[in-house]
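1. what follows is a protein structure lacking sequence information:
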């Protein structure tokens, strides 16, 4: 390995130990990151079972490639790239499926009317997201749900930061139109 991990990135250090054959380090890496990986896959695929399969595939792929791992970015970025690629591959192989059930989200609003309105809005957002082209949906997910920077998204999608900006602008425009149609209907 020629690279050195970014300062304070415990996951990258765990991955480097995994590359040296330390299986307990990989187990800790999985425990630390499986929930975030599943959330990313779920947001990209809208199917909890598919998301679980993608996460298993991602960690298997990462484990098999551990001896070739180069810490050029944070492990989070590396994992996001693997999960995103697997999601894009799955989406390319099948039509989008729309989810009617969302995972529970904390709601600080009061009253049953607010709960119904918020649930309907979340459902509309999920449906509108599902209609976006795959790369736009992934860019929106990484930016707004995972909190990644344009540079991190660019690295995950293997495009320039300018392309990320373009993807996000197009996605936001499409989402605005879709949600406006939801409000009118």
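-> Done, it's in. Computed from a prediction, not measured in an experiment: that's the story for all the values here.
2. next up, the contacts around the closest residue in space to residue 69 that isn't next to it in sequence.
-> Excluding the flanking residues, the one nearest residue 69 by Cβ to Cβ, 6 or more residues apart in numbering is residue 19, at 4.9 Å. (C-beta placed from N, C-alpha, C; glycine too.) Counting by Cβ atoms under 8 Å, 6 or more residues apart in numbering, residue 19 touches 1, 66, 67, 68, 69.
3. quick one: which of those residues is nearest residue 164?
-> Residue 164 lies nearest to residue 69 out of the contacts of residue 19, by Cβ to Cβ, at 24.3 Å.
4. what's the first helix or strand after the lowest-mean-pLDDT helix or strand in the chain?
-> Least confident element among the helices and strands of the chain, by mean pLDDT, DSSP states H and E: helix 112-131 (a mean of 74). Moving toward the C-terminus from helix 112-131, the next helix or strand (DSSP states H and E) is helix 134-140.
5. other residues contacting that next one?
-> With contact meaning Cβ under 8 Å, 6+ apart, helix 134-140 is reached by 44, 84, 87-88, 91-92, 129-130, 132, 153, 156-157, 164, 167-168, 170-172, 174-175.
6. now with 7 Å?
-> Here helix 134-140 makes contact (Cβ atoms under 7 Å, 6 or more residues apart in numbering) with 44, 84, 87-88, 91, 129, 132, 153, 157, 164, 167-168, 170-171.
7. in the next helix or strand after it, what counts as buried?
-> Later in the chain than helix 134-140, the nearest helix or strand by DSSP H and E is helix 150-157. Burial within helix 150-157, assessed by neighbour count using 16 or more other Cβ atoms under 10 Å, is assigned to 150, 152, 153, 154, 155, 156, 157.
8. can you tell me which of the residues you listed is closest to residue 182?
-> Residue 182 has its nearest neighbour among the buried residues of helix 150-157 in residue 153, at 26.1 Å by Cβ to Cβ.
9. next up, the contacts around that closest one.
-> 139, 142, 143, 164.
10. excluding chain neighbours, what is closest to the first one?
-> When you say that, I think you mean residue 139. Spatially, and ignoring its direct neighbours in sequence, residue 139 is nearest to residue 167 (4.1 Å; Cβ to Cβ, 6+ apart).
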